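Sequence first, predicted model second:
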Amino acid sequence: MATLASEGLVEIEAHRLKRVAPLDMIVTRDLLRVQAELWRLGYQWGMPRICPEQVSLLDEAITRYRAALASGEHMAAIFAGLDFHTVFIMASDNRELLRSTLDRRGLIARFIFLHGIQMVSSIGLSQHEAILAAFKADDHAGVLACLDRMSARLLTLCDRNEQSATFISEV
């Protein structure tokens with residue numbers, strides 16, 4: 001429970017019940033903005049260090065994403081996508097960057113599952129495939145452009161959900 005609490009997924013108050021932490025769209029947007037920058041940094045530092053074994057892990061993550069989509073296992077697809085990005089970040093060989101991004105995977109996965117399930121689609125798969133194709137073509141700028149589009153899509157989704165929540169609370 002302490003690990004879940006440290007990841008922001010559970011709230012624990014002394015002598016009270018434990019509960020799943022609600023998603024705050026303002027906090028989530030802040031998280032996504034920071035994570036987008038950290039992911040980009042991880043990609044920049046990681047791309048030059050990717051070895052053939054890691055390319056195999058990228059291919060495997062895309063295969064798992066595709067299979068999860070085909071079977072309707074959305075959470076498995078979400079984690080396959082996150083695993084894909086983690087390969088680049090791990091290649092950066094920066095433990096603090098890896099820790100900072102891995103610690104928030106659960107929050108991001110929950111946000112996508114609850115509010116962005118439409119992102120877990122053939123479009124999401126094609127974006128991951130585009131990153132891999134650009135990487136294999138040694139087009140690092142293209143990789144970063146694809147990553148930036150994915151991050152922008154997450155932030156737009158968060159903004160839409162925040163606006164919807166504000167509208168509902170005002171009604």
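The structure has been received and is ready for your questions.

Could you measure from the residue most central in space within the chain over to Phe111?
When the chain is reduced to its mean C-alpha position, the closest residue under C-alpha atoms, centre = their mean turns out to be Leu82, at 5.0 Å. Leu82 sits 12 Å away from Phe111, going by C-beta to C-beta, to the nearest Å. Using the backbone N, CA and C atoms, a C-beta is placed for each residue, glycine as well.

residue contacts, the closest residue to Ile117 other than its chain neighbours?
Nearest in space to Ile117, with sequence neighbours left out and distances taken as C-beta to C-beta, 6 or more residues apart in numbering, is His74 at 5.7 Å. Taking C-beta atoms under 8 Å, 6 or more residues apart in numbering, we find His74 in contact with Ala68, Phe113, Ile117, Val120.

Kindly list the main-chain dihedrals of His74?
Dihedral pair for His74: phi -60, psi -40, per degrees, to the nearest 10.

what sits against Ile89?
Contact analysis of Ile89 by C-beta under 8 Å, 6+ apart lists Leu38, Trp39, Gly42, Tyr43, Gly46, Leu97, Leu98, Thr101.

for Glu53, same thing?
Listed by C-beta under 8 Å, 6+ apart, Glu53 has no contact partners.

so which strand or helix has it?
Assigned by DSSP states H and E, Glu53 belongs to helix 52-71.

Distance from the helix or strand just after that helix to the middle of the chain?
Using DSSP H and E, the helix or strand that follows helix 52-71 in sequence is helix 74-91. Helix 74-91 sits 7 Å away from the centroid of its parent chain (C-alpha atoms, centre = their mean, to the nearest Å).

Buried residues of helix 74-91, list them for me.
Within helix 74-91, the residues scored as buried using 16 or more other C-beta atoms under 10 Å are 74, 76-91.

what ranges do the helices span in the chain?
2-6, 25-46, 52-71, 74-91, 95-102, 105-115, 122-136, 140-170 (DSSP state H).

roughly how far apart are the residue nearest to the centre of the chain and Arg153?
Leu82 sits 15 Å away from Arg153, going by C-beta to C-beta.

and what of Ser71?
24 Å.

the more surrounded of the two?
In this view Ser71 and Arg153 are compared by other C-beta atoms under 10 Å, and Arg153 has more residues nearby, 15 against 10.
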